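Undergrad: Test case, fold it:
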Amino acid sequence: MRDKARRLIKDGSHFPQFPNMKTAKIFHPNPDQQHEIQSTLEDAILDSDHSTGRIQIEIAQAETQIAIQDHLEFNETIDAVDDVDWRAHIETHHLNAEAATVNLSGILKGDIIYSNEHGAHSRKYSIPWKNTCHVTYFDTSKMPQQKNKSKHLFKDDLGESSIHREVIWQYQQPIACHLNTAKITSTEQLMRRDNRTHLEFQVVLYMFMSFTQLQQVTI
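TA: You can find the predicted model right below:
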């Protein structure tokens with residue numbers, strides 16, 4: 001079985017050409033996540049001599065919405081798509097304190113259940129995505145400890161120039177990203193072309209995230 005996929009990932013809020021879009025499950029990727037974010041003294045590294053400790057502090061929140069269009073090709077006939085179960089995963093995150101933005105990348109994974117004359121079948125599919133969104137900060141006092149910027153000018157054989165910029169933030173403590181809620185709406189449509197079955201779908205992925213950092217506080 002061979003995949004052919006045309007992918008277009010962009011910011012968006014809806015697909016007017018698909019009025020019958022359905023809402024998928026709303027899930028918490030990590031059942032213990034709220035405990036991680038709402039840290040208490042049980043999570044602290046205490047210094048009894050100075051009445052201080054280090055605990056995970058929620059320093060920022062962000063929300064974003066991504067629209068994804070894609071399609072799959074099957075070498076067999078499909079009579080119906082019985083279910084598509086989507087899961088969103090954040091693989092990398094990079095906070096830009098000056099611009100109050102975060103650069104995200106991740107994977108949208110789907111379990112596709114379909115049926116034909118031979119019975120019910122399942123197929124897994126993954127779509128990589130990237131997104132940059134605004135961040136609301138609650139505490140920036142322990143954010144960047146050091147910043148290094150560099151700029152390089154390049155010229156090609158035709159004399160055209162381009163500029164490459166790089167910014168590196170050195171943090172006092174690593175910043176963790178918690179995907180609190182992901183709401184996924186999707187619609188699917190079966191198409192038959194050239195004796196093959198194509199599954200075209202439109203997906204809107206909404207995510208709400210929190211960012212935490214281990215900080216020194218007075219107990």
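
Undergrad: Give the pairing partners of the helix or strand V81 falls within; include direction for each.
TA: Using DSSP states H and E, V81 sits within strand 80-96. When pairing is defined by DSSP bridges, strand 80-96 lines up against strand 101-116 (antiparallel).

Undergrad: and I90, what does it touch?
TA: For I90, the contact set (CB atoms under 8 Å, 6 or more residues apart in numbering) comprises L104, S105, G106, C177, L179, M207, M209. The C-beta positions use only the backbone N, C-alpha and C, and glycine is treated the same way.

Undergrad: circling back: how about the CA coordinates for the strand holding V81, as PDB?
TA: Only the C-alpha atoms of strand 80-96 are listed here, as PDB (Å, rounded to 0.1, in the frame of the first residue of the first chain):
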ATOM      1  CA  ALA A  80     -17.100   3.600   4.200                       C
ATOM      2  CA  VAL A  81     -14.900   5.400   6.800                       C
ATOM      3  CA  ASP A  82     -16.200   4.300  10.200                       C
ATOM      4  CA  ASP A  83     -14.000   6.400  12.400                       C
ATOM      5  CA  VAL A  84     -10.900   8.600  12.500                       C
ATOM      6  CA  ASP A  85      -9.300   9.100  15.900                       C
ATOM      7  CA  TRP A  86      -6.800  12.000  16.000                       C
ATOM      8  CA  ARG A  87      -4.100  12.800  18.500                       C
ATOM      9  CA  ALA A  88      -1.900  15.900  18.600                       C
ATOM     10  CA  HIS A  89       1.700  15.900  19.800                       C
ATOM     11  CA  ILE A  90       4.100  18.700  20.300                       C
ATOM     12  CA  GLU A  91       7.700  17.600  19.500                       C
ATOM     13  CA  THR A  92       9.700  20.800  19.900                       C
ATOM     14  CA  HIS A  93       9.100  24.400  21.300                       C
ATOM     15  CA  HIS A  94      11.200  27.500  21.300                       C
ATOM     16  CA  LEU A  95      10.200  30.600  23.200                       C
ATOM     17  CA  ASN A  96      11.200  34.000  21.900                       C
END
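
Undergrad: How about N148: what's its closest non-neighbour residue?
TA: Excluding its sequence neighbours, the residue lying closest to N148 (CB to CB, 6 or more residues apart in numbering) is I168, at 4.6 Å.
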